[in-house]
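Visitor: Take this sequence and fold it.
(one chain, ligands or ions: 1)
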Amino acid sequence: MDFDDSPEEIALRAEVRAWLDEHAVRRDPEALAGMRTYRTRTEAEDEALVAEARAWQRTKADSGWAAPSWPAELGGRDLSPLLAGVFAAEEAHYDVVGRMFTVGTDMVGPTLIEWGTDEQRRHHLPRILRADDIWCQLFSEPGAGSDLAGLSTRALRDGDEWVVTGQKVWTTGAHYSDLGILLARTDPDVPKHRGITAIAVDMRAPGVDVRPLRQIDGTIHFNEVFLDEVRVPVADTIGPVGSGWGVALTMLTNERASIGGGSMYGVDQLVQLARESGRLGDPLIRQRLADMYIRDEILRFLGYRVRTAAASGRPPGPESSVMKLAVSARYEVGGDLMLDIEGAAGALMGDDAPYGGRFQDLFMGQWAPRIGGGTDQVQRNIIGERVLGLPGDIRVDKDVAFRDLPRA
Ligand SMILES: Cc1cc2nc3c(=O)[nH]c(=O)nc-3n(C[C@H](O)[C@H](O)[C@H](O)COP(=O)(O)OP(=O)(O)OC[C@H]3O[C@@H](n4cnc5c(N)ncnc54)[C@H](O)[C@@H]3O)c2cc1C
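Guide: Now for the predicted structure:
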């Protein structure tokens with residue numbers, strides 16, 4: 001593919017920059033003292049961040065930038081994933097909370113467009129655009145992460161309602177979400193991929209118990225969600241009963257296409273950190289900074305490939321797995337580098353540390369992209385099988401009814 005901006009991209013980038021300049025403040029990559037990591041530790045901080053993100057989302061929605069790849073008649077701009085990525089990449093340079101509601105805009109929205117009923121689209125899409133409803137993704141379970149199709153949360157039909165019981169985990173943002181897109185087993189008598197149904201669940205319904213998980217750095221990002229005989233109208237089923245795996249694939253395709261849209265920090269900030277820490281003359285640090293720069297350039301090009309694949313309607317394949325691995329490696333290498341630049345001060349935490357501990361936060365945040373959205377090992381499996389042509393994982397459970405599978 002052609003890696004130079006097309007005339008269309010050049011024009012769009014200029015339009016996006018002009019709009020962002022008018023509505024937001026461009027971040028100064030050299031102003032480390034004011035750098036934000038958008039990580040919250042208290043309920044009050046969480047509420048403030050959600051309010052700020054919601055206000056920004058509404059500003060974008062007013063101008064059609066909240067979900068630029070959606071059809072124009074649904075509030076988007078009809079942009080291809082490649083062009084929509086221009087907005088995300090530019091937005092990352094501004095001091096705004098821009099990527100907090102991507103489960104709604106980048107994942108649930110496109111899924112409803114493909115699988116939802118007219119009524120679901122009419123009700124939910126405008127509310128997603130303006131963050132009137134915040135969505136979370138209720139997929140992973142304690143016994144089903146990489147092997148998502150092995151999930152055991154069950155939904156039993158009772159008249160016009162589903163009765164849902166089970167446990168989800170790792171649910172990003174469940175503690176401030178209004179709705180969750182849930183995968184549940186509705187038929188245990190067929191092989192595991194076939195008996196799953198996707199359902200929209202009201203996160204405040206009786207029987208939904210959200211328990212935040214506090215991480216190593218004191219922040220809360222994801223949650224455990226317990227569901228105890230939660231009653232959900234059958235009308236809130238997304239897609240046909242039993243087609244939840246297809247719905248999940250649509251969600252995951254869109255999740256992978258959006259990964260790498262914006263970065264937590266740029267190499268400019270690491271260069272500035274080295275400068276202010278008196279390490280810019282250190283040849284080994286310089287070499288590692290150059291390595292980071294090269295990684296960022298490679299990521300930029302891989303991003304083009306992933307979005308080009310998505311634009312041509314190809315399913316998630318090697319491009320997105322290579323991209324995902326490169327993102328992981330970038331955060332691993334960058335996290336280690338920033339604390340090495342700080343030297344002994346790198347071992348401090350919070351307000352005792354340089355810049356209020358912002359680089360320590362980023363260092364500890366590196367494990368999120370290395371696990372979330374599919375682990376490094378699983379990406380390597382995909383590359384091994386689909387690119388290198390290595391023999392596939394042995395899957396003995398493919399044709400066995402879920403009910404008959406041995407489970408812990
Ligand atoms: C920051 C973050 C946010 C997340 N947000 C959400 C969310 O909002 N909603 C949601 O549903 N989930 C979410 N997840 C969950 C995420 O999708 C899972 O953590 C991921 O799929 C891995 O599943 P697991 O944690 O159960 O690990 P497991 O699948 O139990 O894997 C454990 C280890 O075994 C390895 N492994 C497993 N299978 C294989 C294999 N076949 N070959 C080689 N190695 C293998 C894995 O790589 C890993 O090292 C989030 C995770 C993170 C880290």
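Visitor: and Asn223, that one's in a strand?
Guide: Yes. Assessed by DSSP: H, G, I helix; E, B strand; the rest coil, Asn223 belongs to a strand.
Visitor: Tell me how many other residues crowd it.
Guide: Residue neighbour count, defined by other C-beta atoms under 10 Å, stands at 22 for Asn223. Every residue, glycine included, has its C-beta placed from N, CA and C.
Visitor: can you point me to the longest helix in this structure?
Guide: Taking DSSP state H as the criterion, the chain has its longest helix at helix 283-311.
Visitor: residues of the helix or strand that that helix is followed by that come out buried?
Guide: Next along the chain after helix 283-311, taking DSSP states H and E as the criterion, comes helix 318-342. Within helix 318-342, the residues that count as buried by 16 or more other C-beta atoms under 10 Å are 318-332, 334-335, 337-339, 341-342.
Visitor: Mind giving me the packing neighbours of helix 318-342?
Guide: Using 3 or more C-beta pairs under 8 Å, 6 or more residues apart in numbering; DSSP states H and E, the elements in contact with helix 318-342 are helix 244-258, helix 267-276, helix 283-311, helix 358-364, helix 367-371, helix 376-386.
Visitor: Distance to the ligand and mean neighbour count added to those, as JSON lines?
Guide: JSON lines is the format used below for the helices and strands packed on helix 318-342 (distance: least, C-beta to the nearest ligand atom, whole Å; neighbours: other C-beta atoms under 10 Å):
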{"stretch": "helix 244-258", "distance to the ligand": "9", "mean neighbour count": "22"}
{"stretch": "helix 267-276", "distance to the ligand": "22", "mean neighbour count": "19"}
{"stretch": "helix 283-311", "distance to the ligand": "18", "mean neighbour count": "16"}
{"stretch": "helix 358-364", "distance to the ligand": "12", "mean neighbour count": "22"}
{"stretch": "helix 367-371", "distance to the ligand": "4", "mean neighbour count": "17"}
{"stretch": "helix 376-386", "distance to the ligand": "3", "mean neighbour count": "16"}
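Visitor: Can I get those in JSON lines including distance to Arg39 and mean pLDDT?
Guide: Shown next, in JSON lines, are the helices and strands packed on helix 318-342 (distance: least, C-beta to C-beta, whole Å; pLDDT from 0 to 100):
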{"stretch": "helix 244-258", "distance to Arg39": "20", "mean pLDDT": "85"}
{"stretch": "helix 267-276", "distance to Arg39": "16", "mean pLDDT": "94"}
{"stretch": "helix 283-311", "distance to Arg39": "21", "mean pLDDT": "88"}
{"stretch": "helix 358-364", "distance to Arg39": "5", "mean pLDDT": "90"}
{"stretch": "helix 367-371", "distance to Arg39": "11", "mean pLDDT": "89"}
{"stretch": "helix 376-386", "distance to Arg39": "23", "mean pLDDT": "90"}
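Visitor: low-scoring pLDDT stretches of the stretch 151-300 of the chain, where are they?
Guide: 256-264 (pLDDT under 70).
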